[in-house]
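Colleague: Sharing a model prediction with you, sequence too.
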Amino acid sequence: MISAFLKLFSGRHYRQFYKRCQPIIRKINRLEEEYQALSDEAIQAKTAEFMKRHADGETLDDLMPEAFAVVKNTARRLCGKDFEVCGQIQRWDMVHYDVQLMGGVALHSGKIAEMATGEGKTLVSTLPLYLNALTGRNCQLVTVNEYLAQRDSEWMGQIFRFLGLTVGCISHGQNPEQKRAMYGCNITYGTASEFGFDYLRDNGMSSSRSEQVQKEHFYVIVDEVDSILVDEARTPLIISGPSQDDNSGPYLKLKPDIERLVRKQKQMSDQLANDAERLMEENTDEAIRLLLQLKIATPKHEKLLSLIENGSIRRMLEKYETEMQGDFRREEYYRMKEELYFTIDEKNQQADLTEKGRVFLTPDDPDAFMLPDLASAFVEIEKDFESSLEEKQQKKLNIENEFIEKSQYIHCISQLLRAYTLYQLDDEYVVQDGKVMIVDDNTGRIMPGRRWSEGLHQAIEAKESVQIEKETKTYATITIQNYFRLYEKLAGMTGTAETEATEFNDIYKLGVMVIPTNKPCIRIDQDDVIYKTKRDKFKAVITEIDGAHRRGQPVLVGTVSVESSEQLSRMLKQQNIPHTVLNAKLHQQEAEVIARAGQRGAVTIATNMAGRGTDIKLGEGVRELGGLLVLGTERHESRRIDRQLRGRCSRQGDPGSSKFYVSLEDDLMRLFASNGPIAKILEKTFQEGEELAHPLLNRSIESAQKKVEQYNFSIRKRLLQYDDVLNKQREVVYGIRNDALLQERPKDLIFELIEEEIVDQVDSTLESGGRNQEENNIQTLIKWLILHFPYPFKPEDFEGKSSDQVVSFLMEKTKEVYSMKEGLENPDYLGHLERFIIIRAIDQNWQNHLTEMEDLRRSVNLRGYGQKDPLNEYKNEAYKFFEQMVGEMRRMIFSSLFRASTNAESYQELLRRLNSVARESRPEESAAASSSSQAQASAQPRRPVVRELPKIGRNELVTIRRNGETQTVKFKKAEAMIRTQGWEFISKD
Ligand code: ADP
Ligand code: MG
């Protein structure tokens, strides 16, 4: 009932559209007739005239009839001319039909034009492309493969070039300069994935404006739109790398060294433990000092753990630790650490080599742990006027590689140290079947398939001598859906869109317009025939093919899988029937095979004809034999794919027929036959070898297909809902990134980001607790500031100020110190440096974030949330992750603003000047502060922020996070996990 009503309804809206088009079509044809009298030059002059009129305010809708008429008239002028298209000479013989004009109107109004195969959609698209290009903006046409993009751009390019427009075509192998030229044309052809990847490279990876290739996302027509937006949309585009194959290397190579190092430290720790125990009575202070050192060396040392079971020892140790971490004993604390080989920060789950450890590992290569200073290296390279652009690029690449390699090396060591010192077998993890598996702290259950991120898992695998599994890092990713949503105006064309109309409307806001065929379609669609077994079915198919082949009638056989294509091919060989099997990998050959499929006696086997973009023309004498015969060997899950196959015959009023063969053993039929009433009857009465055909059966099959289609749609929609979360974040991040690339001097952007961060910090530190906390709060704020900002702040600077006043004061200081720094830098490179600061902070943090989001996605789906919707959980968590990521990014920008430099001396000079400012007020402390800020900040780029814990009841539930993994536990448990195991507080539930 309802579907019949809908059909009526939708039929009506098509009819309305046809009616609206009639006067437009008449007008186009009338104008076109007038234009026939004009000279070529006069027609060519129209483009400039239209562009001017558009610039003066006429809308594209106003211009449409004239513009379409000019395109049609150009097609007429080209008739009889020969052109080379993809290496073959082709004679132009097309002038737009009325239905093609109608298709053009639909495409211009941002709809999907459903036009049957062979109706000439390629030619249709010339109308709206020309019209929209009159804006001077870049219009694009997306096809399913590069061969078709090339073919269509050369073929249709004749019209555009005649009219004075430029046409480009994007292909994978082009270098950025070539691509930029192509995107700079009025009209650009290409494939969806290459366009998408170019977008990702432009917005997620390029480091200057000059590396970006795309101009804009204005108007795009997607050819074979169902195939691209429905079938291809299942897998997102991902740029990942770099050394995906080779990341076991450093872990295995470093393992023996780290084991030596860990043994060394173990001996030392045992000694410390013994001494501490011995001295506890006679010299408690010294014993506690040794215990603290032991805690930094081996936080899980047995003797340490047993000693601090004694409450008074534990309290003494804690008190001493706080004291040592304070400003006044920093130096002492630092020396204490430097006596060790490495230090373990259990709270933050970090491990760092000391100088002593470095020397131990590489006694004769002191530079092994020195990261090259990218900023100044780049500037040096830029300064070198002798080298060519390419040489410079190469040099930059080399430096970057060195940087990446070394930082990976350092990262590996730190992960291995963590693996050996913080993670214990059968406690944090178990080894089963040669795999390292995480144990859930809370439940003690093994969490199969989960992995620790950032290489920790690999480090533990190396430690346990099991196979190290690969890990790729995602640099940038986007789904096809979200890529196409970037366009101001989107349109599509295909032979089959109607069955997916809801999806196009829901996801892309694209309406579907079914355009009538030029000549009535006289294809005969026969009823499906059903067999009991697959064997019976194939036998019947072979008989049918054999018969047609003997008559000389060409046959196109469609299968649903490569496997059944091969099976059929073997059977045909046994019968000595010559045939061709389509190989989807060779696009050009494929197009040629399909083009030959209409010749007398041809037998062609193809899997899934959707989105092939080549139509089959009938050979000599085939018409009389009934045209092309299309046989389907199975019904596809989706009706659309079946319609695509059917649509391959009877193009442009040709004769032709189609027929589907089905067996009860087919997947779809098993699904449908297992519960339909018809199925039961079939089962009983149906004999092997028998065939059955009835219109009623067709309908039952169709309803089974509809169910599967809806199910698949709901899956795609769900995927998209997940991706939407990331998409919003990507828009924000790419927005900032692009601002940085576009501005000559993105200094204000930097200040803006720093201000946001300062506001956050000031709010969270100064406003915690009451007035009596002020002194403490100010200390906390100063401690935080010196990590990022080499300025000798004093408590008096903040006392008695409101938060707002503190923020403005800090911003004033930031700008003041920065302008001091500007005076010391090479002015020519400041813009470059500022950009570098932002881009590096964004890329590092965003890429880590992408990995964390993937982990989150996995864990949300793996974990039962009871009644909660995993999508909602994902959204909430994703938001928190994002906030943290942005915070880290801003802090990184803040601290590198002063440390990054266009020349090596300027930073020293800046520090010297700031210190002299400091000396005027308070000598020792501030000098220590600025030098320690330097040491701290360069030690670890990604140190999680430790937050003060809010006041929460011990039995209340809270959410905490560590390495991208979250848990909800009672506060009393959480507190311990946060204080001792590196978990981070996220929220109170
Ligand atoms: P579709 O993409 O709709 O399946 P194509 O664009 O590949 O169809 O065109 C199919 C064939 O129809 C091409 O060989 C083309 O030359 C021919 N054709 C298209 N439009 C016309 C026309 N107006 N007059 C004559 N032939 C046309
Ligand atoms: Mg086509």
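Modeller: In hand now; what should we look at? Ligands and ions are numbered 1, 2, ... in the order given.

Colleague: C-alpha from now on. contacts and neighbour counts both.
Modeller: Will do.

Colleague: okay, now Thr317: neighbour count?
Modeller: Thr isn't right for residue 317; it's Leu. Close neighbours of Leu317, defined as other CA atoms under 10 Å, add up to 21.

Colleague: Quick check: chain neighbours aside, which residue is closest to it?
Modeller: Leaving out its chain neighbours, the residue that sits closest to Leu317 by CA to CA, 6 or more residues apart in numbering is Ile288, at 5.9 Å.

Colleague: show me where the stretch 151-300 of the chain has helices.
Modeller: Secondary structure of the stretch 151-300 of the chain (DSSP state H, counting those that start in this stretch): helices located at 176-183, 192-200, 225-226, 249-279, 284-297.

Colleague: Tell me what angle the second one forms with helix 176-183.
Modeller: Read it as helix 192-200. Using axes from the mean of the first three to the mean of the last three CA atoms, to 10 degrees, the inter-axis angle of helix 192-200 relative to helix 176-183 is 110 degrees.

Colleague: How far away from the center of its chain is helix 192-200?
Modeller: In terms of CA atoms, centre = their mean, to the nearest Å, the centre of helix 192-200 is found 11 Å from the chain centre.

Colleague: Quick check: mean pLDDT of the helix or strand Asp642 falls within?
Modeller: Using DSSP states H and E, Asp642 sits within helix 639-646. Helix 639-646 shows a mean pLDDT of 86.

Colleague: which residues are contacting that helix?
Modeller: 117, 495-497, 499-500, 558, 608-610, 630, 632, 635-636, 658, 702, 705-706 (CA atoms under 8 Å, 6 or more residues apart in numbering).

Colleague: before we move on, back to that, mean neighbour count, the helices of the stretch 151-300 of the chain: which tops it?
Modeller: Between the helices of the stretch 151-300 of the chain, helix 225-226 has the highest mean count of neighbours, a mean of 27, where neighbours are mean count of other CA atoms under 10 Å.

Colleague: tell me the average confidence for that helix?
Modeller: 90.

Colleague: Give the next helix or strand downstream of the helix holding Asp642.
Modeller: strand 656-663.

Colleague: Distance of Tyr829 relative to Leu741?
Modeller: Tyr829 is 14 Å from Leu741, where distance means CA to CA, to the nearest Å.

Colleague: burial count for Gly800?
Modeller: Gly800: 10 neighbours (other CA under 10 Å).

Colleague: Am I right that it is in a strand?
Modeller: No: using DSSP: H, G, I helix; E, B strand; the rest coil, the assignment for Gly800 is coil, not a strand.

Colleague: where are the low-confidence patches of the stretch 101-250 of the chain?
Modeller: For the stretch 101-250 of the chain, the stretches flagged by pLDDT under 70 are 234-235, 240-249.

Colleague: again, only this time at 90
Modeller: 117-118, 144-148, 172-173, 193, 204-211, 224, 226-250 (pLDDT under 90).

Colleague: Enumerate the residues of it near ligand 1.
Modeller: 117-123 (CA under 6 Å from any ligand atom).

Colleague: likewise the chain?
Modeller: 93-97, 117-123, 613-615.

Colleague: could you flag which of those residues are buried?
Modeller: For the residues of the chain next to ligand 1, a neighbour count by 16 or more other CA atoms under 10 Å gives the buried set as 95-97, 117-123, 613-615.

Colleague: Take the residues you listed and keep only those in helices.
Modeller: In helices, defined here by DSSP state H, the members of these are 121-123.

Colleague: Mind putting the residues you listed into a markdown table with distance to Ile25?
Modeller: Formatted as a markdown table, those follow (distance: CA to CA, whole Å):
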| residue | distance to Ile25 |
| --- | --- |
| Lys121 | 17 |
| Thr122 | 19 |
| Leu123 | 16 |
